[in-house]
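S.K.: Mind folding the following:
(one chain, ligands or ions: 1)
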Amino acid sequence: MPVISPGPFTKTLIIREEAKKEAYKYFSEEFSSKKGLVVCDENTEHIARRDFPGLPQMTFEAGAVATDTNGDAAAQRLEDGGYGFAVACGSGSISDITRYAAAKAGIPFVSYPTAASVDGFVSSVAAMTIDGRKATLPSKAPVALFADPAVFSSAPLRLTLSGVGDILGKYISLLDWRAAQCLMDEVLDDKLTDLINRAIDKVLALDPDDPGFAEAVMEGLVMTGMTIQYHGSSRPASGAEHHLSHLWEMHCMSEPTDALHGEKVGVSTLIVLERYKSVPYEDLAAEYIKPKFTRENLSHIYGPLTDGIIGENTPDPLASLTRERIKSAQPEINRLVNELPDIGALRDYMKKIGALTALDEIGLPNTARFKNLSMKYAPYVRRRITLLKILNIKD
Ligand SMILES: [Zn+2]
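M.R.: Residues are numbered from 1 along each chain as shown. Below is the predicted model of the structure:
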């Protein structure tokens, strides 16, 4: 895997057959006599037993969510058992539970992903649900990742396609990062944007029927995940498309759905892409309406979460943005938008591989109003500057 260099936290990255053997070698070299605990769920317990027969398991129920309650339970088990390291054997939620628990217990953990479903395996923050609210908690990245294609290629295709959705979202997150550079002088890192573009190309080069498809998706996910680690924030890998997904996950304007993270990101990518493609036909400076973070206009969407949203946007991240600046940035923004993939072509590709492309397929209302409200209010979910944040969205 020469394309992925070790990061500041995850210094060992192995994606190859029999990765478990490398993992065992790593345990004995790095952890010597320390005891390890494998964290898994009912879907991945058989993998934990088969690949790590010498280590005890902590098994969560199938589909366990990364809540603080589950994370605290795992931390307690790690502390009570005197464990010196943990192994996250599962997909996104098990990774988040383990990274939160290991951070709380003050011990390192190793990632052993069982599906190519999200880019968060090497992340240093845990996306946790606390009292029904989604929160990103400081946590720790794995000290090593061992991913065996024979293991994650056997995961249901739906999980791998969710990983594809998470990667396709990078079209938008990269554009937003570049737009923030044009509009607000945010510092861009070309090495990281190149790495993400290569991750996208790697995935697009193969179809689900091709041998090596899941491996390409896993490599793409780890590559984009590492950009977060190199950059120290999720800026390279998370823009307006993730903000829509986060808004839906807050369940303040829609009911909870069973859709996977990457499925939501895939659909939101198409929604935002369609909106961005109209930008070259608009006069952004003339149409720019300075957002007002008033309780009245946010509370009918965010309800009890409004205070948190106002706090996130205080002071106003767009305070220094002028119409003149937008006017001078628009030619470059138009150029970047024109380089984005054609919406029809991307939708066709996603349909061809079996990925979800419409709101009703992920359990959300497939209406123009829901789409527009999502685009209008999602930018407040995070302080981060995106192109969507300055567009005039009609509801
Ligand atoms: Zn994501």
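S.K.: how much space is there between Leu157 and Ser124?
M.R.: Between Leu157 and Ser124 the computed distance is 29 Å (C-beta to C-beta, to the nearest Å). Where you see a C-beta, it was placed from the backbone N, CA and C, and this is true even at glycine.
S.K.: who's more crowded, the two?
M.R.: Counted by other C-beta atoms under 10 Å, Leu157 and Ser124 do not tie: Ser124 has more neighbours, with 22 against 15.
S.K.: Cross-check the contact I'm expecting between that one and Lys140.
M.R.: Yes. With contacts counted by C-beta atoms under 8 Å, Ser124 reaches Lys140, the gap being 6.1 Å.
S.K.: Touching both of these two, which residues are there?
M.R.: Common contacts of Ser124 and Lys140 (C-beta atoms under 8 Å, 6 or more residues apart in numbering): Phe9, Arg99.
S.K.: The worst-scoring helix or strand of the chain on mean pLDDT pairs with which strands?
M.R.: Ranking every helix and strand in the chain by mean pLDDT, DSSP states H and E puts strand 133-138 at the bottom, with a mean of 73. Strand pairing for strand 133-138, determined by DSSP bridges: strand 125-130 (antiparallel).
S.K.: buried residues in the partner strand?
M.R.: Of all the residues in strand 125-130, those buried under the rule 16 or more other C-beta atoms under 10 Å are Val125, Ala126, Ala127, Met128, Thr129.
S.K.: I'd like the residues you listed laid out as TSV, including pLDDT.
M.R.: Below are the buried residues of strand 125-130 laid out as TSV (pLDDT from 0 to 100):
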residue	pLDDT
Val125	79
Ala126	83
Ala127	79
Met128	85
Thr129	81
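S.K.: what would those residues look like in TSV with distance to Gly106?
M.R.: As requested, the buried residues of strand 125-130 are arranged in TSV below (distance: C-beta to C-beta, whole Å):
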residue	distance to Gly106
Val125	17
Ala126	15
Ala127	21
Met128	18
Thr129	23
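S.K.: Quick check: which element contains the closest residue to Gly303 other than its chain neighbours?
M.R.: Once flanking residues are discounted, Gly303 sits nearest to Cys252: 5.3 Å by C-beta to C-beta, 6 or more residues apart in numbering. Using DSSP states H and E, no element contains Cys252; it sits outside every helix and strand.
S.K.: ok, back up a step: give me the contact list for the least confident helix or strand of the chain.
M.R.: Tyr100, Ala103, Ser124, Val125, Ala126, Ala127, Met128, Thr129, His246, Glu249, Met250, Leu305.
S.K.: quick one: which of those residues is nearest to Asn392?
M.R.: His246 (21.8 Å; C-beta to C-beta).
S.K.: Unless I misread the structure, that closest one falls within a helix.
M.R.: Yes. His246 sits within a helix when classified using DSSP: H, G, I helix; E, B strand; the rest coil.
S.K.: Could I get the contacting residues of it?
M.R.: When contacts are counted by C-beta under 8 Å, 6+ apart, His246 touches Lys134, Ala378, Val381, Arg382.
S.K.: again with Leu37
M.R.: By C-beta under 8 Å, 6+ apart, the contact set of Leu37 is Leu55, Pro56, Gln57, Met58, Arg77, Leu78, Gly81, Tyr83, Phe85, Ala86, Val87.
S.K.: how about 10 Å then?
M.R.: Leu37 makes contact with 52, 55-58, 74, 77-78, 81-87, 98, 101-102, 105, 107, 109, according to C-beta atoms under 10 Å, 6 or more residues apart in numbering.
S.K.: If any of these are buried, give me the PyMOL selection for them.
M.R.: The buried residues among the contacts of Leu37 can be selected in PyMOL (16+ other C-beta under 10 Å) with this line:
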select buried, resi 52+55+57+58+74+77+78+83+84+85+86+87+98+101+102+105+107+109
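S.K.: hmm, back to that, let me know the closest of the contacts of His246 to Leu188.
M.R.: The nearest one, if we look at the contacts of His246 relative to Leu188 and count by C-beta to C-beta, is Arg382, at 18.1 Å.
S.K.: Around that closest one, count how many other residues there are.
M.R.: 21.
S.K.: what's the answer for Arg295, then?
M.R.: 12.
S.K.: which stretches of the stretch 101-250 of the chain aren't confidently modelled?
M.R.: The stretch 101-250 of the chain contains residues with pLDDT under 70 at 132-133.
S.K.: Quick one: the strands in it, in order.
M.R.: Taking DSSP state E, counting those that start in this stretch, the strands of the stretch 101-250 of the chain run over residues 109-113, 125-130, 133-138, 144-147.
S.K.: Right, I'll leave it there.
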